[in-house]
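>>> Sequence first, then the predicted structure, then my questions.
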Number of protein chains: 2
Amino acid sequence: MSVIYPRVALIGLGLIASSMALAIRKAGLAGSISGFAPSRETRQTARELGFCDDVFDTAIEAVNGADLVVLCCPVGVMETVARDIGPALAEGATLSDVGSVKGAVIKAVGPHVPDHVHFVPAHPVAGTEHSGPRAGFAELFDNRWCLLVPPEGTNQAAVQRLRGLWEGLGAHVDVMDAEHHDLVLAVTSHAPHLIAYSMVGVADDLRRVTNSEVINYSAAGFRDFTRIAASDPTMWRDVFLNNKEATLEILGRFTEELFDLQRAIRRGDGDQLFDYFTHTRAVRRGIIEAGQDTEAPNFGRVPTKKGD
Amino acid sequence: MSVIYPRVALIGLGLIASSMALAIRKAGLAGSISGFAPSRETRQTARELGFCDDVFDTAIEAVNGADLVVLCCPVGVMETVARDIGPALAEGATLSDVGSVKGAVIKAVGPHVPDHVHFVPAHPVAGTEHSGPRAGFAELFDNRWCLLVPPEGTNQAAVQRLRGLWEGLGAHVDVMDAEHHDLVLAVTSHAPHLIAYSMVGVADDLRRVTNSEVINYSAAGFRDFTRIAASDPTMWRDVFLNNKEATLEILGRFTEELFDLQRAIRRGDGDQLFDYFTHTRAVRRGIIEAGQDTEAPNFGRVPTKKGD
């Protein structure tokens, strides 16, 4: 593949930025990659790992001369970062981000984008429960979706150029508006995360059941929840604070649904339960057919052996 | 290893029975294995796969002369099966089961166990979202836990003998009473399953979000829920109907916890959210350290490639 942006700057050097840098380099999509993270330790780790050509001590230095600047920091600090780097962005550059919410990011970052810069917010729907610069890998975006959420009136050539980058990183690309994005993600991500956090919290808090029991017998379903509930606390705090309405709406619907099933259990209505459980099986089938998960039992977990 | 039971009979030939048969044979723990399933198709599949020495057309023939009979059928039919086979059980034989609830099984099966038979209920805490005789594999119980729940006064030698079998199958064994078992499993399995079913149901039902959106963007967390919600509907209907009180109690606690986090989101209390999410991360760590899950990102899912 050929270079799409001569110089890319990544602000924030965690799981997503390090994966982007590795994938950009592997595919030869940028001439050079510069990076910045506010933590000295993260910068040091990034320098050791070498996934950027240059790691700078300030964001302003990192964005200097960049054709594409991507905010890879938690959503809660994007406004501050944008205010800081806005005046330093080059004429004709594209500013993007990878935040999991889009309405709030557009509201926070938009006002700090100079007229001569294209603002194309994005959200790669990919990740793991691990975080930080060491967690990145070039294949993270393979066959995943990246959603572009350009505000009305955004330059279409800039949108197409960014689409080219994400497709080059292995992703499928879709374009939608911020409100719809935030609702869809509340369903597929934000509500499930809060639910998993809650259930893990209950298990940990129950005095009549010991922690070792919770841990030893987790293979029966619970351990899947703990993976989700091990995700980065800062990122998730910011997601919930910034996609409040849609998340609360979906959680309200979830609770209604849960209460309905609880009532079926209380009444002993086996037919309702059976029909419901048969129906949900079909959703799993769709996800496997769309290549968004493996069909292997237990996600194809590598079996853990006794004494390992 | 040496033979623990000269003849083992498996009643029901799904995921657990076929995995037991494969593992028993691999470890040489039985002289012969007989099997029965009520469905002609399942019996036919089991005969083709050959994991039993004999597959019979009636349960009574299958248990004839067996030293160990294991009920591997859904919890809801165990009473009928026990009534049917009770009179045919051999002097000194052990009757066990693999049901996910224990109080209800003891109540349903116990009265049909003749005095000359040892009744040792059991629950291997292992499984996948797949079901049926083709889903079995010999490693299913490796490093998983099997809980023995003998009613008061059960012959200790019979309990030790069954423990030997499960350890031979690769499992760790623990002994507890039925009430505690049902509470612990409500936490680690039954409540999480109902929650996952509910969330998948909501996603599937939401008219403003299309099914293809739910499927394509599921990698952000939701797909883990769909795996759980793809589990066998008959088994899970029976679990909920037979562990009603403990499941509803834990779901009540879960809802309280969820409402508390929802309130924190509504109020914008980032500190509460951050502290909570930091705390739940530790539970995951415990599960990985106990060898009950893999540390690999996304459970070490085999990456799916574009166009696969």
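Good, I have the coordinates.
>>> Next, residue A:148: phi, psi?
With angles defined as degrees, to the nearest 10, residue A:148 sits at phi -100, psi 140.
>>> Spell out which strands sit alongside the strand or helix carrying residue A:10 in the sheet and which way each one runs.
Per DSSP states H and E, residue A:10 falls inside strand A:5-11. Sheet pairing of strand A:5-11 (DSSP bridges) gives strand A:30-36 (parallel), strand A:68-71 (parallel).
>>> among those strands, which is the most enclosed?
strand A:68-71 (a mean of 26; mean count of other CB atoms under 10 Å in any protein chain shown). Where you see a C-beta, it was placed from the backbone N, CA and C, and this is true even at glycine.
>>> mind exporting that strand as CSV, just the C-alpha atoms?
Only the C-alpha atoms of strand A:68-71 are listed here, as CSV (Å, rounded to 0.1, in the frame of the first residue of the first chain):
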residue,chain,number,x,y,z
LEU,A,68,-3.3,13.7,10.5
VAL,A,69,-3.6,14.1,14.2
VAL,A,70,-5.5,11.5,16.1
LEU,A,71,-6.7,12.0,19.7
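>>> quick one: which of the strands paired with strand A:5-11 is nearest residue A:227?
Between residue A:227 and the strands paired with strand A:5-11, the tightest spacing by CB to CB is seen for strand A:68-71, at 26.3 Å.
>>> So which residues make contact with the closest one?
Here strand A:68-71 makes contact (CB atoms under 8 Å, 6 or more residues apart in numbering or on different chains) with A:5, A:7-12, A:17, A:20, A:30, A:63, A:78, A:81-82, A:85, A:89, A:93-99, A:109, A:122, A:162, A:165.
>>> Point out the ones among those that are inside strands.
In this view, the contacts of strand A:68-71 that belong to strands under DSSP state E are A:5, A:7, A:8, A:9, A:10, A:11, A:30, A:94, A:95, A:96, A:97, A:122.
>>> ok, so of those, who is nearest residue A:113?
Using CB to CB, those come closest to residue A:113 at residue A:95, 5.7 Å.
>>> re the thing from before, export the ones in strands among the contacts of strand A:68-71 as TSV, with columns for pLDDT and distance to residue B:208.
What follows is the ones in strands among the contacts of strand A:68-71, written out as TSV (pLDDT from 0 to 100; distance: CB to CB, whole Å):
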residue	pLDDT	distance to residue B:208
A:5	98	35
A:7	98	40
A:8	98	35
A:9	98	36
A:10	98	34
A:11	98	33
A:30	98	37
A:94	98	30
A:95	98	29
A:96	98	26
A:97	98	25
A:122	98	22
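>>> ranges for the helices of the stretch 51-200 of chain A?
Ranges of helices in the stretch 51-200 of chain A, per DSSP state H, counting those that start in this stretch, are A:59-63, A:78-85, A:103-109, A:156-168, A:178-185, A:191-205.
>>> Just put those in JSON lines and tack on mean pLDDT.
As requested, the helices of the stretch 51-200 of chain A are exported to JSON lines (pLDDT from 0 to 100):
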{"stretch": "helix A:59-63", "mean pLDDT": "98"}
{"stretch": "helix A:78-85", "mean pLDDT": "98"}
{"stretch": "helix A:103-109", "mean pLDDT": "98"}
{"stretch": "helix A:156-168", "mean pLDDT": "98"}
{"stretch": "helix A:178-185", "mean pLDDT": "97"}
{"stretch": "helix A:191-205", "mean pLDDT": "94"}
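>>> Pipe those into TSV and attach mean neighbour count per row.
Shown next, in TSV, are the helices of the stretch 51-200 of chain A (neighbours: other CB atoms under 10 Å in any protein chain shown):
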stretch	mean neighbour count
helix A:59-63	21
helix A:78-85	19
helix A:103-109	20
helix A:156-168	18
helix A:178-185	22
helix A:191-205	25
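>>> Reformat these as CSV; add distance to residue A:258.
Output for the helices of the stretch 51-200 of chain A, formatted as CSV (distance: least, CB to CB, whole Å):
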stretch, distance to residue A:258
helix A:59-63, 44
helix A:78-85, 34
helix A:103-109, 27
helix A:156-168, 36
helix A:178-185, 20
helix A:191-205, 9
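>>> Turn these into a markdown table, including distance to chain B.
Shown next, in a markdown table, are the helices of the stretch 51-200 of chain A (distance: least, CB to the nearest CB, whole Å):
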| stretch | distance to chain B |
| --- | --- |
| helix A:59-63 | 23 |
| helix A:78-85 | 15 |
| helix A:103-109 | 12 |
| helix A:156-168 | 10 |
| helix A:178-185 | 5 |
| helix A:191-205 | 4 |
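>>> Spell out, range by range, the strands that occur in the stretch 151-300 of chain A.
Ranges of strands in the stretch 151-300 of chain A, per DSSP state E, counting those that start in this stretch, are A:172-175.
>>> Find out how far the one helix or strand residue A:46 maps to is from the centre of the chain, if you would.
Per DSSP H and E: residue A:46 is located in helix A:40-49. Taking CA atoms, centre = their mean, to the nearest Å, one finds helix A:40-49 lying 22 Å from the centre of the chain it belongs to.
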